[in-house]
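Visitor: Sequence and predicted structure below; questions after.
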Amino acid sequence: MKTRLIASIAVGAAVVLGTTGCNILAPQATTIDYSASDGVNVPADSGPLHVRNALIVANDDGTTGNFVAAIVNDTTESLTLRLEVGEGSTAVRSSVNVPANRTLSLGDLADDVEPLRLDDIDAVPGSTVPVYFQSGDGQGALIQVPVLDGALEYLAPLAPSPEATFSIPATPSATPTPTPSATPAS
């Protein structure tokens, strides 16, 4: 009887070790940081602002794009995220102010938050473009950000629209003629 009990305990211990032993050799997948969507996450050394799911939705020739991202400010003061899209003298610089203790989701059209428009860039859809991110006293980070087009249904509203063009009419408009008004009786 004691032999049967010892054998049962040994088999039970072998099953427990056999089914849980994988965690000894393999890393836990849930502890590995990765970008779970179309965009990329910016490393923490870029500064106190956290940039998540950053991407650019560009027009077909890649000269205009909308920067889309969630920017988290978990500090007690308003901070500015500085961006530099591209490299060298052709880089396009821009910035975004993020209030204290807020998440600003650029391109969240449900909350009427427009994406950040970037003109005169060189970012053809399907490629990546180097973007330098810096905020606060962080050293900044240079990240390859994916460039997408508006072909997919959920990206179509984020695609840049052509800028409105205004033209001056060729013929002068009529000059308004003043009409006499009654003078008050005294």
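Guide: Everything's here; your move.
Visitor: CA atoms for contacts and neighbours, from now on please.
Guide: OK.
Visitor: For residue 4, what are phi and psi?
Guide: Here is the backbone geometry of residue 4 (degrees, to the nearest 10): phi -60, psi -40.
Visitor: Tell me the confidence at it?
Guide: For residue 4, the model assigns a pLDDT of 82.
Visitor: Tell me where this protein has strands.
Guide: 50-58, 64-73, 79-85, 92-98, 102-106, 116-119, 128-135, 141-148 (DSSP state E).
Visitor: and the third one, C-alpha only, in CSV?
Guide: If I follow you right, that is strand 79-85. Below are the C-alpha coordinates for strand 79-85, written out as CSV (Å, rounded to 0.1, in the frame of the first residue of the first chain):
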residue,chain,number,x,y,z
LEU,A,79,4.6,69.2,-22.1
THR,A,80,5.5,69.5,-25.7
LEU,A,81,6.4,66.7,-28.0
ARG,A,82,8.8,67.8,-30.8
LEU,A,83,8.9,65.8,-34.0
GLU,A,84,11.3,65.9,-36.9
VAL,A,85,10.1,63.9,-39.9
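Visitor: and the residue positioned nearest the centre of the chain, what does it touch?
Guide: The residue lying closest to the centre of the chain (CA atoms, centre = their mean) is residue 69, at 1.3 Å. Shown in contact with residue 69 (CA atoms under 8 Å, 6 or more residues apart in numbering): 39, 51, 52, 53, 54, 55, 105, 106, 107.
Visitor: Identify all residues paired with the closest residue to it other than its chain neighbours through a beta bridge.
Guide: Nearest residue to residue 69, sequence neighbours excluded (CA to CA, 6 or more residues apart in numbering): residue 54, at 4.3 Å. Beta-bridge pairing for residue 54 (DSSP bridges): residue 40.
Visitor: Residue 54 touches residue 68, doesn't it?
Guide: Yes - counting by CA atoms under 8 Å, residue 54 touches residue 68, with 5.7 Å between them.
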